[in-house]
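Participant: coordinates only, sequence not included:
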Ligand SMILES: Cc1cc2nc3c(=O)[nH]c(=O)nc-3n(C[C@H](O)[C@H](O)[C@H](O)COP(=O)(O)OP(=O)(O)OC[C@H]3O[C@@H](n4cnc5c(N)ncnc54)[C@H](O)[C@@H]3O)c2cc1C
């Protein structure tokens, strides 16, 4: 296994649970050094009127990661199934209006119209309920906690400080290799003869965050997304934290916190949750009280994860799991378990 982000940790765990011994090589000293170092992540399903493959995969993904969290993480500390209010905003234009979900719909139990109380908590217009979706099974999760729990298995051997090139991995002589290098995957594959061009696109981004008073009642008791996102009341070593963002810079590979990205996050936040944005305006204007985190995720051309054998004819037993986009925490475990099954069948 190369890479110890959420993809690498999930595939290591899926294989270890099947009885494999797994060595995980990671260039940093500790796991979650890449995009998976994002301090908070929203877990939710992708909603589409035609229930497209990404929607189906994300529903399976939400179920899988939250079942693992329930068993291995501390609710309220590492994750919380607080629900997610999805605003149907996309810049200045509204997405197609969502129809009410009937009992025979695949969305039943997943998506509904928010209640008046939920809209009031978010400070939104009570008459605009049909412009929003309520995802009852949505959650926030701390990626580092999840990754540590995934790697915490007697058959997984983490080896930090190992920046491997393709030729070095080939020379190690492992019977099976899985690449989970996130946005570094293309560079790695460029040195590997017979590797396909996966046409991956790096997308740099930043979130803004800060601390807030425990008694703050102006924030909703759930996560909100749709045009940037907002999560609050997250316990950290320094106190309760809120998180807002993120930005998207397609094609960029540099991860640097900038005032411009803070400003972009605030502009989105003002549209997403005007009431909460007003509450935080002073804090947002005070550099000392505003924190940032940036990283680079990676997507594929069709926005689906890349979860497959690399080139079965020329590179037997080489696999890849990447392009988790902005939904890596939702997708990693379900994709990893499908890939582990493929690997097991391929090794018989
Ligand atoms: C600003 C921002 C906000 C986000 N918000 C959310 C969110 O709310 N919800 C959500 O689900 N997702 C979110 N994401 C996306 C999520 O972070 C990613 O989908 C996920 O972390 C990708 O995981 P990965 O394991 O594929 O890649 P990474 O986490 O990048 O892992 C790749 C690992 O490979 C290592 N590596 C690279 N090259 C080598 C080498 N040669 N040798 C050894 N090791 C190597 C790296 O150090 C790294 O640890 C966000 C991402 C960003 C940037």
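Facilitator: Perfect, I can see it now. Quick caveat: nothing in here was measured; it's all calculated off a predicted structure.
Participant: From residue 7, how far off is the closest residue to the ligand within the stretch 51-200 of the chain?
Facilitator: Among all residues of the stretch 51-200 of the chain, residue 182 sits closest to the ligand, at 2.5 Å; criterion: Cβ to the nearest ligand atom. No exception for glycine: its C-beta is placed from N, CA and C like everyone else's. Separation of residue 182 from residue 7 (Cβ to Cβ, to the nearest Å) stands at 7 Å.
Participant: Give the residue from the two that has the larger number of neighbours.
Facilitator: For residue 182 versus residue 7, neighbours defined as other Cβ atoms under 10 Å are more numerous around residue 7 (36 against 26).
Participant: Spell out which residues are contacts of both of residue 182 and residue 7.
Facilitator: 36, 322, 324 (Cβ atoms under 8 Å, 6 or more residues apart in numbering).
Participant: looking at it, the last one is touching residue 10, isn't it?
Facilitator: No: using Cβ atoms under 8 Å, residue 324 and residue 10 do not qualify as a contacting pair, with a distance of 9.6 Å.
Participant: Give the residues shared as contacts by those two.
Facilitator: What both residue 324 and residue 10 touch, as defined by Cβ under 8 Å, 6+ apart, is the set 332, 335.
Participant: Check whether residue 308 sits in a helix, strand or coil.
Facilitator: strand (DSSP: H, G, I helix; E, B strand; the rest coil).
Participant: Once you drop chain neighbours, what's closest to it?
Facilitator: With Cβ to Cβ, 6 or more residues apart in numbering as the criterion, residue 308 has its nearest non-adjacent residue at 6.4 Å, and that residue is residue 320.
Participant: what about residue 81, how many neighbours?
Facilitator: 19.
Participant: list the contacts for the closest residue to it other than its chain neighbours?
Facilitator: Counting by Cβ to Cβ, 6+ apart, the nearest residue to residue 81 once its immediate chain neighbours are dropped is residue 139, at 4.4 Å. Taking Cβ under 8 Å, 6+ apart as the criterion, residue 139 is in contact with 42-44, 62, 66, 69, 79-84, 223.
Participant: The residue lying closest to residue 108 once chain neighbours are set aside and residue 62: what is the separation?
Facilitator: If the residues on either side of it in the chain are set aside, residue 108 comes closest to residue 101, at 5.5 Å by Cβ to Cβ, 6+ apart. Taking Cβ to Cβ as the measure, residue 101 falls 16 Å from residue 62.
Participant: just residue 298 next, same as before
Facilitator: Residue 298 is 21 Å from residue 62, by Cβ to Cβ.
Participant: again, but for residue 327
Facilitator: Residue 327 is 10 Å from residue 62, by Cβ to Cβ.
Participant: Now do the helices for the stretch 151-300 of the chain: every range, in order, please.
Facilitator: Here the stretch 151-300 of the chain has its helices, by DSSP state H, counting those that start in this stretch, at 166-172, 185-190, 259-272, 274-285.
Participant: same question for the shortest one, mean pLDDT?
Facilitator: Right, helix 185-190. When pLDDT is averaged over helix 185-190, the result is 96.
Participant: That one near the ligand anywhere?
Facilitator: Yes: using Cβ under 6 Å from any ligand atom, helix 185-190 reaches the ligand at residue 188.
Participant: Run through who's touching that helix.
Facilitator: With Cβ under 8 Å, 6+ apart as the contact definition, helix 185-190 has outside contacts at 2, 165-166, 179, 181, 195-198, 200, 298, 310, 320, 322.
Participant: And the residues you listed, which is closest to residue 24?
Facilitator: Using Cβ to Cβ, residue 2 is the member of the contacts of helix 185-190 that sits closest to residue 24, with 8.0 Å.
Participant: who are the neighbours in contact with that closest one?
Facilitator: Per Cβ under 8 Å, 6+ apart, neighbours of residue 2: 8, 25-26, 164, 169, 177-181, 188.
Participant: who wins for neighbours among these?
Facilitator: Result: residue 8 is most packed of these (other Cβ under 10 Å), 33 neighbours.
Participant: just to revisit the earlier point, take the contacts of residue 139 and keep only those in strands.
Facilitator: 42-43, 79-80, 84, 223 (DSSP state E).
Participant: circling back to that earlier point, got a ChimeraX select line for the buried ones in the contacts of helix 185-190?
Facilitator: Buried members of the contacts of helix 185-190, defined by 16 or more other Cβ atoms under 10 Å, are picked up in ChimeraX with:
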select :2,166,179,181,195,198,200,298,310,320,322
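Participant: hmm, back to that, and the ligand, which of the contacts of residue 139 reach it?
Facilitator: Checking the contacts of residue 139 against the ligand (Cβ under 6 Å from any ligand atom), the matches are residue 42.
Participant: can you redo the contacts of residue 139 as JSON lines with pLDDT?
Facilitator: Output for those, formatted as JSON lines (pLDDT from 0 to 100):
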{"residue": "42", "pLDDT": "98"}
{"residue": "43", "pLDDT": "98"}
{"residue": "44", "pLDDT": "97"}
{"residue": "62", "pLDDT": "98"}
{"residue": "66", "pLDDT": "98"}
{"residue": "69", "pLDDT": "98"}
{"residue": "79", "pLDDT": "98"}
{"residue": "80", "pLDDT": "98"}
{"residue": "81", "pLDDT": "98"}
{"residue": "82", "pLDDT": "97"}
{"residue": "83", "pLDDT": "98"}
{"residue": "84", "pLDDT": "98"}
{"residue": "223", "pLDDT": "98"}
